[in-house]
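> Following is a predicted model, sequence given first.
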Amino acid sequence: MEFDIVIHGGQIATADFLFDGDIGIKDGRIAAVAEKLSGGDRRIDAGGRIVMPGGIEAHAHIAQESATGLMTADDYYSGSVSAAFGGNSSFIPFAAQHRGQSIDEVIETYDARGARSVIDYSYHLIVSDPSEEVLTDQLPRAFARGITSFKVFTTYDALVLPDAQMLDILTVARAHGAITMVHSENDGMVKWMNKQLAKGGHVAPRYHAISRPELAEEEAIHRMVQLAKLADAPLFIVHVSTAGGAEIVRREKALGAKLFAETCPQYMALTRDDLDRPGMEGAKYICSPPVRDAATQDALWHHVAMGTFESVSSDHAPYRSDETGKFANGAEVPYPRIANGMPGIAARLPWLFSEGVVKGRITLEQFVALSSTNAAKTFGVERKGRIAPGMDADIAIWNPEATRRLTLGDQHDNMDYSPFEGLELTGVPELVMTRGAVVVQDGALQAAEGQGRFIPRAPVDLRARPGVAVKERDPAQNFGVSFP
Ligand code: URP
Ligand code: ZN
Ligand code: ZN
């Protein structure tokens, strides 16, 4: 066969095994994988390198207004460039519905924003207004277009939904093969803590973590899992930040729940001490749920290694440390008025490789699963996340031995800080391609704006998640009632 590109001489890493071999690419797809391939209009020497599926970033806020209307610093151009420099070949940011907006309008808005991406992209919707029309017409229309996941919130005034609405929305997702993602923190607990802290004048950034207790996350995760079981619907817990939350996920998965989850580097790399930096410096580390402590870091690493999480995602939520971002409400405002979120889309994989694979906490195969393969399966990205004939040639070539000190400059985003600045990392993604087109090579951008394409996604893969029998749903045990 004639190949457009042959990547030769590297160690190919998949989620299941490693082997030394070559990859032939034709028309943007992997056409052959073999011990030796000749030919190729272009031959890329991967000697001494690891060749793996390009990362799929499944949690990022790009060109998105927050719950309070604040626009992120990154758009689909800068966000996708930054993602590519971090080893990603595609990403799935959020497309947020604000109350009163139709889902069709949201998708139209993000189609225009997404068109600037240099890597392939899809969106998870954020649903804040599940009206009858949204549930019966608009969401099914979005699912039919291949937008098969959406996020809901148990907190934030502009986004929080009551339990009964959660059940409605989970039921619609179930009927259409879609998956509900949830930001889980108990709203009442957070509001009560805010009130207590404000009474004592405790409003500096360091109190942010205190205000959002671990118990608030654990309660909301537990509640959402029970709601999803009652609706017999799949659920994805985003940004798990606590040992207790991770333990609920582990236990419920072991019982068969249709449950998926992720954690993020910041919960394993940072602690609440970072919120206690001098002056307003701590504002840079405000995100929700908050960063915790060293014991939590160890517990989350344990769960990452044991397979509790499908993915380690960045939750890239870029708000600059100035009046356009963190300090949009003023320079010295109390912590509840400081924008939530931190950047990390370029740091996610280099950090996970260095701290995870190089330090022996996870295997290279686990790295591939956590960075790409599992996200593809969970979110229905059928042609990405694997190195196999027929798949898109979404490939990252890593130098596993190169070392560097992470700087803001090498993040290639629109930010004015990186929470990971100064970390010494081993392992660099030297070449990243999307559908056979090189996006980044040797530290230089090779792609044009708008080169990325929208990815229509398939329904969630539930083959390994049988679900949990709920007797009250069972007509044999409930006097014959059937539920949607
Ligand atoms: O603080 C964060 N994580 N901001 C982004 C929005 C979210 O909840 O994921
Ligand atoms: Zn969230
Ligand atoms: Zn987020």
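Thanks, I have it. Ligands and ions are numbered 1, 2, ... in the order given.
> need the residues of the stretch 51-200 of the chain near ligand 1, please.
Contact residues (CB under 6 Å from any ligand atom) of the stretch 51-200 of the chain with ligand 1: 61, 183. Glycine gets a C-beta too; all of them are placed from N, C-alpha and C.
> Give me the below-cutoff pLDDT ranges for the stretch 51-200 of the chain.
Within the stretch 51-200 of the chain, no range satisfies pLDDT under 70.
> from it, which residue is nearest to ligand 1?
For the stretch 51-200 of the chain and ligand 1, the shortest gap (CB to the nearest ligand atom) falls at residue 183, measuring 4.7 Å.
> tally of neighbours for that residue?
22 (other CB atoms under 10 Å).
> can you check residue 435 too?
23.
> try residue 35
Residue 35 has 8 nearby residues by other CB under 10 Å.
> What of residue 162?
As a burial measure, residue 162 scores 9 neighbours (other CB under 10 Å).
> Skip the chain neighbours and tell me the closest residue to the residue of the stretch 51-200 of the chain closest to ligand 1.
Using CB to CB, 6 or more residues apart in numbering and skipping residues adjacent in sequence, the residue nearest residue 183 is residue 153, 4.6 Å away.
> For that neighbour, list the residues it contacts.
Neighbouring residues of residue 153 by CB atoms under 8 Å, 6 or more residues apart in numbering: 67, 126, 128, 159-161, 182-183.
> Pick out whichever of those sits closest to residue 90.
residue 126 (19.4 Å; CB to CB).
> Surely the closest one is in contact with residue 156?
No - taking contacts as CB atoms under 8 Å, residue 126 lies outside contact range of residue 156: 10.5 Å.
> show me what contacts the residue nearest to residue 425 when sequence neighbours are not counted?
Nearest residue to residue 425, sequence neighbours excluded (CB to CB, 6+ apart): residue 354, at 4.1 Å. Residue 354 makes contacts with 423-427, as judged by CB under 8 Å, 6+ apart.
> again, only this time at 6 Å
Under the criterion of CB atoms under 6 Å, 6 or more residues apart in numbering, the neighbours of residue 354 are 425-427.
> do you know how far it is from ligand 1?
Counting by CB to the nearest ligand atom, to the nearest Å, the gap from residue 354 to ligand 1 is 23 Å.
> separation between that residue and residue 142?
Plainly put, residue 354 is 38 Å away from residue 142 if you go by CB to CB, to the nearest Å.
> cool, residue 163 as well?
Distance from residue 163 to residue 142, by CB to CB: 23 Å.
> Please apply the same query to residue 99.
17 Å.
> quick one, which of those two is more surrounded?
Ranked by neighbour count (other CB under 10 Å), residue 99 and residue 142 place residue 142 first, with 24 against 9.
> Show me the contacts of residue 354 that map onto strands.
425-427 (DSSP state E).
> Tell me who's in contact with residue 361.
Counting by CB under 6 Å, 6+ apart, residue 361 makes contact with 301, 305.
> one more time with 10 Å
With contact taken as CB atoms under 10 Å, 6 or more residues apart in numbering, residue 361 is in contact with 268, 301-302, 304-305, 352, 355, 367.
> for residue 169, same thing?
127, 130, 134-135, 139, 150, 152, 161, 178, 180, 182, 227, 231, 233 are the contacts of residue 169 under CB under 10 Å, 6+ apart.
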